[in-house]
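>>> This is a predicted model, with the sequence first.
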Amino acid sequence: MKAFFFDRDGIINQERGTYTYQLQDFIILPNVLEVLLHLKDLNFKLVVITNQAGISRGLYTKDDMNACHDFLQKESQNIIDDFYYAPLHPKVSESLSRKPDSLMFERAIAKYDLIVRESYVIGDKERDLIPARKLGIATIILGNNVVTEYADYCVKDISEVLKVIDV
C-alpha cells in the first residue's frame with residue numbers, strides 16, 4: 001500500500017498566517033478535491049499530517065479542529081483515509097509527533113503497512129518535508145518562491161502533483 005501525505009494549512013486549505021480552526025476560515029484551495037479524487041483512483045492512501053499547536057495553547061479545541069476535518073471529509077466525499085495531528089506547542093511541551101519530527105508519519109506507516117518508497121508527501125514548508133526525507137518518502141514542495149534541499153519536486157499548484165508522481 002502506498003500513501004500520499006498532505007500537510008493541511010497552505011496545501012489543502014488556505015493559509016491564513018494564523019491558526020485555522022473555525023469553519024468560516026477553513027477554505028479549501030482550488031484543485032484540491034480533484035487531486036484527492038485522482039490520487040484515490042491511483043490507489044493511494046490519503047493521509048493528512050498537521051501540527052495543531054493552538055490546541056495546547058488553549059486557542060481552540062480538538063472539537064474545533066475536528067469540525068474542520070469533518071467539513072473537508074464531507075466536501076471530498078469522505079475520501080481521506082486518516083488525519084494525524086500534533087496538538088502540542090514547543091512552549092508547552094516537546095513532542096516527537098510534531099513536525100519536523102516523524103512520529104505521525106511512522107504511526108501511519110505502521111497502521112497501513114505502507115511502502116515508503118512508493119509514497120509521497122506535499123507541504124509548503126521545510127518542516128513538512130524533513131520527516132518524510134528521513135523516512136525515505138518522496139517530497140514535494142508547493143509554492144512559487146520556495147527553495148529547499150529537502151524537496152525532490154517543486155510545484156506551483158497542487159494540480160501539478162499528478163505530473164511529478166511516478167505511477
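Received the coordinates, thanks.
>>> following whichever helix in the chain runs longest, which helix or strand shows up next?
Looking across the chain with DSSP state H, the single longest helix is helix 62-75. Downstream of helix 62-75, the first helix or strand assigned by DSSP states H and E is strand 82-86.
>>> Show me the shaky parts of the protein.
By pLDDT under 70, the weakly predicted segments of the chain are 89-94, 96, 167.
>>> For residue 85, which residues are in contact?
By C-beta atoms under 8 Å, 6 or more residues apart in numbering, the residues touching residue 85 are 49-52, 55, 65, 104. All C-beta atoms are positioned from the backbone trio N, CA, C, and that covers glycine.
>>> The longest helix of the chain vs strand 82-86, what angle?
150 degrees (axes from the mean of the first three to the mean of the last three C-alpha atoms, to 10 degrees).
>>> For helix 62-75, output the C-alpha coordinates as CSV.
Coordinates of each C-alpha in helix 62-75 appear next as CSV, following Å, rounded to 0.1, in the frame of the first residue of the first chain:
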residue,chain,number,x,y,z
LYS,A,62,-9.9,19.3,19.3
ASP,A,63,-13.6,19.6,18.5
ASP,A,64,-12.9,22.8,16.6
MET,A,65,-10.2,21.1,14.6
ASN,A,66,-12.3,18.0,14.0
ALA,A,67,-15.2,20.2,12.7
CYS,A,68,-12.8,21.5,10.0
HIS,A,69,-11.7,17.9,9.2
ASP,A,70,-15.3,16.7,9.1
PHE,A,71,-16.1,19.5,6.7
LEU,A,72,-13.2,18.5,4.5
GLN,A,73,-14.4,14.9,4.5
LYS,A,74,-17.9,16.0,3.6
GLU,A,75,-16.7,18.1,0.7
